[in-house]
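> curious how this folds, go ahead:
(4 chains)
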2 protein chains.
Amino acid sequence: MPRSNSELNTQVQVFKALADPTRLAILKLLKRAPEALICGQVGAQLGISKTSGSYHFKLLEAAELIIVNKVAREKYVTLNQAVIDRDVTQFYQQL
Amino acid sequence: MPRSNSELNTQVQVFKALADPTRLAILKLLKRAPEALICGQVGAQLGISKTSGSYHFKLLEAAELIIVNKVAREKYVTLNQAVIDRDVTQFYQQL
DNA sequence: ATTATAGTTCAAAAACGTTTGAACTATAAT
DNA sequence: ATTATAGTTCAAACGTTTTTGAACTATAAT
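A predicted model of the protein is given here:
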């Protein structure tokens, strides 16, 4: 049943965000990229529809795993490395 | 070099296993336990049915996050610390 | 001004994950 | 032998996540 611990909840949210092949692929692409990438280009490279891409980027942003910067028509995304580092550390300390 | 997809798949499997409040609670309980715990007792402590417990433990075992030891009627479980450490390291190296 | 491009939103559909109860196996206790 | 306990399995129900297509907004290019 619902275990209501808000730290646990955000942790679950992060793991849920990571628990999908498309999103993991996005994050790995961003990790290797020298600078910000445009959403649509990432989606195209992974062969997903723009609607689906929009959904996944929104979810990654909600989990604070990426930073989004809208410039004119385009959406530039980068890893939120600080938050990822914090999450890894937490994972390491707890398990 | 084309990155094999099976690595991504097992990674996704691990994150899926972690992406649930009940399973995360189980793992944290196991982490703090001085020795192996009995499935049913863990389930009771978390207030889940035995059927549901069986489902979650099976999933955690499939993801190799726990080690299971059946003794007579009881199922003893411990964290699979070696695999967890490897997963954390991989997470750290890739994101 | 028209058309093209990048992305969003919405609702429906499809896919996937979790819980439930009943029936079951195997071991233990009386 | 009978009854109790620990756990599994199965299918159905229930719940959540993901994909889809169409309609939409906003900016850019011709």
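> are whatever helix or strand A:Ala44 lives in and chain B in contact anywhere?
Applying DSSP states H and E as the criterion places A:Ala44 in helix A:39-46. No - legend: contact between helix A:39-46 and chain B by C-beta under 8 Å from any C-beta of the partner chain is lacking; minimum distance shown is 11.7 Å. (C-beta placed from N, C-alpha, C; glycine too.)
> same check on stretch A:82-91?
Yes - applying C-beta under 8 Å from any C-beta, one finds stretch A:82-91 in contact with chain B at A:84, A:88, A:91.
> again, but for stretch A:19-28
Yes - counting by C-beta under 8 Å from any C-beta, contacts between stretch A:19-28 and chain B involve A:19-21, A:24-25, A:27-28.
> got the phi/psi numbers for the closest residue to DNA strand D within chain A?
In chain A, the residue that lies nearest DNA strand D is A:Ala72 (3.0 Å; C-beta to the nearest atom of the strand). Dihedral pair for A:Ala72: phi 50, psi -120, per degrees, to the nearest 10.
> what about it, how many neighbours?
A:Ala72 has 5 neighbouring residues, counting by other C-beta atoms under 10 Å in any protein chain shown.
> tell me which element A:Ile26 is part of?
helix A:21-32.
> contacting residues for A:Ala19?
B:12, B:15-16, B:18-19 (C-beta atoms under 8 Å, 6 or more residues apart in numbering or on different chains).
> just A:Val83 next, same as before
By C-beta under 8 Å, 6+ apart, the neighbours of A:Val83 are A:64-65.
> next one, pLDDT for it please.
In this model, A:Val83 is scored at 98, pLDDT.
> before we move on, what about A:Met1?
pLDDT recorded at A:Met1 is 42.
> same question for the one 4 residues further on.
In this prediction, A:Asn5 carries a pLDDT score of 76.
> relative to A:Ile84, how far out is it?
Separation of A:Asn5 from A:Ile84 (C-beta to C-beta, to the nearest Å): 22 Å.
> before we move on, what about A:Gln41?
A:Gln41 is 21 Å from A:Ile84, by C-beta to C-beta.
> more neighbours: those two, which one.
A:Ile84 (21 against 13).
> what's near enough to touch the more buried one?
Contacts of A:Ile84 by C-beta under 8 Å, 6+ apart are A:65, B:95.
> so it sits in a strand?
No - the assignment for A:Ile84, made by DSSP: H, G, I helix; E, B strand; the rest coil, is helix rather than a strand.
> got the contact list for A:Leu95?
B:27-28, B:31, B:79, B:84, B:88.
> if you set the cut-off to 7 Å instead, what comes out?
Listed by C-beta atoms under 7 Å, 6 or more residues apart in numbering or on different chains, the contact set of A:Leu95 reads B:27, B:31, B:84.
> helix, strand, or coil at A:Lys75?
Per three-state DSSP, A:Lys75 ends up strand.
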